[in-house]
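K.L.:
Starting from these lines, generate the structure:
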Amino acid sequence: MRLWAISDLHLGTAINRQALAAVPDHGDDWLILAGDVAEREEHLDAAFAVLGTRFGRLLWVPGNHELWTLARDGVPKPARGVARYQALVALARNRGVLTPQDPYPVWPGPGGPAVVAPLFLLYDYSFRPDHVPAAEAVAWAMEEDIVCTDEMLLHSDPYPTRAVWCAQRCTETEARLAAIDPALPTVLINHWPLRQDLVQLPRIPRFSPWCGTRRSEDYHRRFRACVVISGHLHIRSTRERHGVRFEEVSLGYPRQWYGERGIAAYLRQILPPPVASSEDRRMLDSAPAAW
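P.N.:
Predicted coordinates for the structure are as follows:
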C-alpha cells in the first residue's frame, strides 16, 4: 500500500485527457491530486471518476485553475469565489473524494500512521521582494510583461480581495491543524508552495507574487510535517528544509512531460518514503523545460 501524489494534470488539453485513461490500477493505494486538475467541472469530474476506479482513496485540493470563473453557454451568472469553491467541494464529495473541508484521514500504510491534511490556503502577494509594497506587486510583475490569468478569472467574492480570502483560509486551517493529535506526524498538501524559498522560477521570476503566502513558511515545523506536497510551479523537484521533505509534483502541459512515458511515471511516491532518487527520476524531474 502506497501514498502517491500528482498535480497540474491540466485536463483542458486533449493530450493529457487521453493519457489519463492509461493510468493503471493501483489497488488500495491512495492518490493525492494537488490542484490544477482542470478548469471545467466536467473534466474534473471525469478525472475523479477515472482515478477513483484505479486507487483506493482520492484526496484533492484546489489550484487556481479550478477556481477560475469561465463564461459558460446557458449559465448567465457562473459561480465565483467562495461559491465556486463550494461547488467544487460538492462535486468531489459526490465522487467520494476527500477535500480540504473534510476531516483529515490517517494514513494507515507503511510510513504511517500520519495525518494527511489537504489544505487550501491561496496566496496574498507576499512572495515578492521586501522592497516591493504589496499594493505594487502586480505592477512590479507587469514591468516584465508578467501577469497571472487569475487577475481576470479568479474572483474572491464575497471577500474584497484574494489576500483577505487567503488570510481567512490560513486562520481556519491553522486552527484545524493545531487540533491534530500531537503524537502524529502530518503530510501537508497545498497547491501553492508553503515556502517562498521553494519558488525558484528562473525564466519568470516575477511570477512569484501568485505563488503562496509567507504566513505558511513555518507550517512544516509548527505542524510536525514529515512530507509537504505542492504543485503550481510546473518544476518537479524533491527538496529538504529542516529535515522535512518537500515534493513539487506537477505534471504540466504536454510540452512539459514525456508523453511516451505516460502519466503513471510522474506519480510521486510520498509514503512509505522512497529510496534515493534514481537517474530515471532525475530525468523526469528535469526535462522537458518547465517554461
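K.L.:
can you tell me which residues contact the residue nearest the centre of the chain?
P.N.:
The chain has His191 as the residue nearest its centroid, 2.2 Å off, counting by Cα atoms, centre = their mean. Contact partners of His191, counting by Cβ atoms under 8 Å, 6 or more residues apart in numbering, are Ser7, Ala34, Gly35, Asp36, Val61, Pro62, Gly63, Asn64, Phe120, Ser230, Gly231, His232. Every C-beta, even on glycine, is put in place using the N, C-alpha and C of the backbone.
K.L.:
Apply 10 Å and report the result again.
P.N.:
His191 sits next to 7-8, 33-37, 60-67, 118-123, 211-212, 229-232, 250 when contact means Cβ atoms under 10 Å, 6 or more residues apart in numbering.
K.L.:
same question, Leu44
P.N.:
Contacts for Leu44 (Cβ under 10 Å, 6+ apart) come out as 9, 11, 33, 37-38, 60, 62, 65-66, 88, 91-92, 95, 97.
K.L.:
Doesn't it belong to a helix?
P.N.:
Yes. According to DSSP: H, G, I helix; E, B strand; the rest coil, Leu44 belongs to a helix.
K.L.:
Look up how far Pro182 lies from the residue nearest to the centre of the chain.
P.N.:
Distance check for His191 against Pro182: by Cβ to Cβ, to the nearest Å, it reads 26 Å.
K.L.:
likewise Gly112?
P.N.:
As judged by Cβ to Cβ, Gly112 and Pro182 stand 16 Å apart.
K.L.:
same question, Leu88
P.N.:
For Leu88, the distance to Pro182 equals 31 Å [Cβ to Cβ].
K.L.:
These two: who's more crowded?
P.N.:
Neighbours were counted for Leu88 and for Pro182 using other Cβ atoms under 10 Å; Leu88 has more, 20 against 9.
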